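A structural model of the following input is requested.
(chains A and B)
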Amino acid sequence: MSKVVTRFAPSPTGLMHLGNVRTAMLNWMFARKMGGKFLLRFEDTDQSRSEQQYIDALKEDMLWLGLQWDDEPLFQSAHAEQHREALDKLAETNLAYPCFCSESQLNLDRKLATSRGLPPRYNGRCRELSNDERQAKLDAGETHTWRLAVHADSGEVTVPDLLRDNVVFLRKDLDDPVVVRSDGTFTFLLPNAIDDAVDGITHVLRGDDHLTNSAYQVWMLESLGYTAPVCLHHGLLLGEDGAKLSKRTGSHSVADLRAEGLFPEALQQAMVRLGHPNIPEDALSIEALLEHTDIEHLSTSSVRWSNEAMWRWHTKFLYAKPASELAPLLRQSLAQHDIDIDETQALALAEILGGNLNRMEDVLNFKRLLDASETISDENVQVLKEAGAVFFNHALSTAKATGGTDWKAWTNALKEISGAKGKGLFMPLRIALTGQAHGPEMSKVVVFLGADGIQTRLNQVLGLLDD
RNA sequence: GUCCCCAUCGUCUAGUCGGCCUAGGACACCGCCCUUUCACGGCGGCAACACCGGUUCGAAUCCGGUUGGGGAUGCCA
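This is a model prediction of the structure:
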């Protein structure tokens, strides 16, 4: 059995999107799983729309996602020769033919067919031209496209598919697809298939929206004497609303997600778990995912994307970050809002905040830990008012007496003097010091702030209550 | 219209040959416990075989049809 070779073949005309991510990951995973190769091929035949910046961005996103490709990236444009040869070879045996029908003629044909209740397919006018007629038109320089003579004959095309029963199409139900436009450029159908053949691709994982295309490509490759790659047509990735993935329904580009600070692991988790059953919750690395997935049993029904699930994974990964890794991220997030802290401070902050942030930007909720003048929300101020100035005067005096950095000692002393206890004791202090009703362990917070920090904030609260 | 694909809890799915399925798991959600907060963790709960026929002693599972979604029928990829 020959080695498995898969590929991800984006056209460099845009950024990597969620649909791309799924296809790329599945092809990568299948290759890894089977001990094969995973190739990256840029389908850059549309030179006018292809841009170097997208090639670079696509590569960067792939690496960010942990999808390293084997060998050097391939470029479809480098195979122009083979595409031409393939067409010539098909033309020789009349399996491809020039079509001189005009756009308006074809529209008319379609209307006519539909009105008669027939499928609106190409009626084969130019397929039935004699060789002489054909040559005469070509010599006269008439504009033409090239079509594949699929519909012409009886017989069937079988698309081999590992995920389902092989799909059988009757040739008469298929059309004669255009493979060369009137401007002489190829449509996606031919180069895509030829490249797979010459690149030695053995397996193609793609959405089932390609099923009919696969039929055309299988027919073409087999006509040329190639063995068509085995397909794994999986169900489509849908948006959150169950409709097709579109920009509006959350089809973010990977670039957007990265800009939002998403961890690649979170995207991996959310993506791979779609269409796969019962992957243990603790399969957190891509290797672990690989181990617990069976690509050959990937679901053939469509699946829904969930941003919420992805961000939940992100939070899980964030919680698990040790302070040493969290610290630089904290600095970075704060720096984005023009707050600069040094490394030591960042590490100290990371140690108390770890496990309290769902997204990196949540650190902004705790600005009061860094700056005593940071305002407190009205709702929380209300809690401070209910505690009252008397309470905070006691708090200040006991803080001074005990130093305040021993949470237990301080609060015990305060409890005795003020008579406050439980939530009524802890909550006002939490809000006064952190600005938030929820957050990290107070015993750590007081150490982080130090005696001065505590007193500054208590004084600031007292000033607030005076107004 | 014609052809092709798909259809189990809110979501992702288990369900090999029909009986062990009054349909299992995970996530989400809800409740309780733990916790000075949040989270984690523990326990419990809610919740689905799209519909209609047929075959059968017995169907989520097989067959037919219907409905719904998707794709093709594009000089998009």
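
identify the residue nearest residue A:227 in space, chain neighbours excluded?
residue A:221 (7.3 Å; CB to CB, 6 or more residues apart in numbering). For the C-beta atoms, the positions are set from N, CA and C on the backbone; glycine is no exception.

residues touching that neighbour, list them.
Going by CB atoms under 8 Å, 6 or more residues apart in numbering, residue A:221 touches A:193-194, A:196-197, A:227-228.

which of those are buried? Put it as a PyMOL command.
In PyMOL, this line selects whichever of the contacts of residue A:221 come out buried by 16 or more other CB atoms under 10 Å:
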select buried, chain A and resi 193+194+196+197+228
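
quick one: which two of the contacts of residue A:221 are the most distant?
The distance between the two most remote of the contacts of residue A:221 (CB to CB) is 13.2 Å, for A:194 and A:227.

okay, now residue A:15: neighbour count?
Using other CB atoms under 10 Å, residue A:15 is surrounded by 17 other residues.

my error: substitute residue A:205 in the last question.
Residue A:205: 27 surrounding residues under other CB under 10 Å.

quick revisit: how far does the helix or strand harbouring the residue nearest to residue A:227 sit from its chain's centre?
In the assignment (DSSP states H and E), residue A:221 maps to helix A:211-223. On the basis of CA atoms, centre = their mean, to the nearest Å, helix A:211-223 sits 29 Å off its chain's mean C-alpha point.

same question for stretch A:355-374.
Centroid separation for stretch A:355-374 versus its chain: 28 Å, with CA atoms, centre = their mean.

residues near the nearest residue to residue A:457 once chain neighbours are set aside, how many?
Leaving aside its sequence neighbours, residue A:457 sits nearest to residue A:372 (CB to CB, 6+ apart; 4.9 Å). Residues lying near residue A:372 (other CB under 10 Å) number 19.

how near is residue A:372 to RNA strand B?
As judged by CB to the nearest atom of the strand, to the nearest Å, residue A:372 and RNA strand B stand 20 Å apart.

okay, buried residues for the lowest-mean-pLDDT helix or strand in chain A please.
The helix or strand of chain A with the lowest confidence, counting by mean pLDDT, DSSP states H and E, is helix A:103-115 at a mean of 81. Residues A:106, A:109-110 are the ones in helix A:103-115 that count as buried (16+ other CB under 10 Å).

okay if I get those residues as JSON lines plus distance to residue A:144?
Shown next, in JSON lines, are the buried residues of helix A:103-115 (distance: CB to CB, whole Å):
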{"residue": "A:106", "distance to residue A:144": "12"}
{"residue": "A:109", "distance to residue A:144": "16"}
{"residue": "A:110", "distance to residue A:144": "19"}
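
which of the residues you listed lies closest to residue A:183?
Distance to residue A:183, by CB to CB, is smallest for residue A:106 among the buried residues of helix A:103-115, at 16.5 Å.

show me what contacts the closest one?
residue A:122.

residue A:15 too?
The contact partners of residue A:15, by CB under 8 Å, 6+ apart, come to A:54, A:57-58, A:61, A:253-255.

just for chain A, where's the confidence low?
Along chain A, the parts satisfying pLDDT under 70 run over A:1, A:246-251, A:467.

repeat that with 80
A:1-2, A:46-48, A:113-120, A:152-154, A:242-252, A:278, A:421, A:466-467 (pLDDT under 80).

domain ranges for it?
For chain A, automatic domain parsing gives the domain ranges A:5-75+A:188-238, A:80-180, A:247-317, A:322-367, A:378-466.

need the ones you listed in CSV with distance to RNA strand B, can you?
Output for the domains of chain A, formatted as CSV (distance: least, CB to the nearest atom of the strand, whole Å):
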stretch, distance to RNA strand B
domain A:5-75+A:188-238, 4
domain A:80-180, 3
domain A:247-317, 2
domain A:322-367, 5
domain A:378-466, 3
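
determine which stretch of those domains is the most buried.
domain A:5-75+A:188-238 (a mean of 19; mean count of other CB atoms under 10 Å).

quick check: end-to-end length of it?
The first and final residues of domain A:5-75+A:188-238 sit 27 Å from each other (CA to CA, to the nearest Å).

do the same with stretch A:273-288
Stretch A:273-288 has an end-to-end distance of 12 Å (CA to CA).

and the contacts of that stretch?
A:22, A:66, A:234-235, A:237, A:265, A:268-269, A:272, A:289, A:291-294, A:297-299, A:303-305, A:309, A:317.

so which of these sit within strands?
Among those, the members found in strands (DSSP state E) are A:234, A:237, A:303-304.

residue A:346 contacts residue A:330, correct?
Yes. Residue A:346 lies in contact with residue A:330 (CB atoms under 8 Å); the separation is 5.2 Å.

just to revisit the earlier point, hmm, the residue nearest to residue A:457 is touching residue A:452, no?
No. Checked against CB under 8 Å, the pair residue A:372 and residue A:452 is beyond contact range at 9.6 Å.

I'd like the distance between residue A:199 and residue A:398.
Distance, residue A:199 to residue A:398, by CB to CB, to the nearest Å: 75 Å.

let me see the contact set for the closest residue to residue A:11 other than its chain neighbours.
Leaving aside its chain neighbours, residue A:11 sits nearest to residue A:43 (4.3 Å; criterion: CB to CB, 6+ apart). If you count contacts by CB under 8 Å, 6+ apart, residue A:43 has them with A:9-12, A:76, A:188, A:191-192, A:195.

rebuild those residues as JSON lines, extending it with secondary structure.
JSON lines is the format used below for the contacts of residue A:43 (DSSP: H, G, I helix; E, B strand; the rest coil):
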{"residue": "A:9", "secondary structure": "coil"}
{"residue": "A:10", "secondary structure": "coil"}
{"residue": "A:11", "secondary structure": "coil"}
{"residue": "A:12", "secondary structure": "coil"}
{"residue": "A:76", "secondary structure": "helix"}
{"residue": "A:188", "secondary structure": "coil"}
{"residue": "A:191", "secondary structure": "helix"}
{"residue": "A:192", "secondary structure": "helix"}
{"residue": "A:195", "secondary structure": "helix"}
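
that older thread, show me what secondary structure element comes after the least confident helix or strand of chain A.
Counting by DSSP H and E, the next helix or strand C-terminal to helix A:103-115 is helix A:131-139.

off-centre distance for that following helix?
Worked out by CA atoms, centre = their mean, helix A:131-139 lies 50 Å from the chain centre.
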